[in-house]
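1. what would the 3D arrangement of this be:
(one chain, ligands or ions: 1)
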Amino acid sequence: GFSIGTPVPASSSSVAGPLVGIVMGSDSDWPVMQAAADALAEFGVSVEVDVVSAHRQPEKMVAYGRSAAERGLRVIVAGAGGAAHLPGMLAAVTVLPVIGVPVPLAHLDGLDSLLSIVQMPAGVPVATVSVGGARNAGLLAVRILASGADDDAARLRTAMAAFQVDLRDQATAKGE
Ligand code: RP5
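-> Numbers count the residues shown, from 1 in each chain. This is a model prediction of the structure:
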């Protein structure tokens, strides 16, 4: 389980507030979205987690998106399933980069979620990961933070390079 809206303290970040907002249309999305939080925790990035439904909580969704940058967030990871409008609607009301996670539901194998998130009109970008690809969403958020000019970004670049060495070594161990 998880505490909605409770920031997870960073292990080694000097920044006070959460840098990444992880939101989802329903708490039923959490078993998929948890992988994004886990990836960010591995890199010591502070996150906040909340349920924000584009369809059932439209005012909350707009308020979340409009306040995100001024509250100190740098990236939003948004997951939703079915008619998955949350990532795109958030991208419409924030200047922050939005990473969309298509959450697979019982029907259509998540193709509905994928197409709802990936087919954004020009001018309103959402970086869409694979169906259920919340871990990559978290890792992409780390890479976005790592592209900065600050000391935290340099630390994240070093950590990401070490992570990639681990990936290579694991592949080698499997004989690839
Ligand atoms: C979407 O509807 C949510 O993102 C979730 O994937 C799906 C189903 O939500 P429940 O109400 O069944 O939990 O908005």
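
2. near the ligand, which residues of the protein are found?
-> 24-26, 28-29, 53, 80-82, 103, 105 (CB under 6 Å from any ligand atom). C-beta here means a position set from N, CA and C on the backbone, and glycine is covered the same way.

3. rerun that using 5 Å as the cut-off
-> Residues of the chain found near the ligand (CB under 5 Å from any ligand atom) are 25-26, 28-29, 80-82, 103.

4. pipe those residues into TSV and attach neighbour count, pLDDT and secondary structure per row.
-> Converted to TSV, those look like this (neighbours: other CB atoms under 10 Å; pLDDT from 0 to 100; DSSP: H, G, I helix; E, B strand; the rest coil):
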residue	neighbour count	pLDDT	secondary structure
G25	27	98	coil
S26	17	98	coil
S28	12	98	helix
D29	24	98	helix
A80	30	98	strand
G81	28	98	strand
G82	19	97	coil
V103	28	98	strand
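
5. give me the contacts around stretch 98-106.
-> 24-25, 29, 32-33, 36, 75-82, 84, 87-88, 90-91, 110, 112-114, 116-118, 125-134, 137, 140-141 (CB atoms under 8 Å, 6 or more residues apart in numbering).

6. sort out for me which of the residues you listed are in helices.
-> Among the contacts of stretch 98-106, the ones falling in helices (DSSP state H) are 32-33, 36, 87-88, 90-91, 112-114, 116-118, 134, 137, 140-141.

7. any regions of the protein where pLDDT drops low?
-> Within the chain, the stretches with pLDDT under 70 are 1-16.

8. how far away is the residue most central in space within the chain from the ligand?
-> Residue closest to the average C-alpha location in the chain (CA atoms, centre = their mean): V77, at 2.3 Å. V77 is 13 Å from the ligand, where distance means CB to the nearest ligand atom, to the nearest Å.

9. and the strands in this structure?
-> 20-24, 47-51, 75-81, 98-103, 127-128 (DSSP state E).

10. can you put those strands in CSV and add distance to P58?
-> CSV is the format used below for those (distance: least, CB to CB, whole Å):
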stretch, distance to P58
strand 20-24, 13
strand 47-51, 14
strand 75-81, 13
strand 98-103, 17
strand 127-128, 22
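
11. burial of the spatially closest residue to E48 that is not a sequence neighbour, as a residue count?
-> Distances taken as CB to CB, 6 or more residues apart in numbering place P18 nearest to E48, at 4.1 Å, with adjacent residues excluded. As a burial measure, P18 scores 24 neighbours (other CB atoms under 10 Å).

12. does P18 touch G72 like I think?
-> Yes: with contacts counted by CB atoms under 8 Å, P18 reaches G72, the gap being 7.2 Å.

13. bridging residues for A80?
-> P102 (DSSP bridges).
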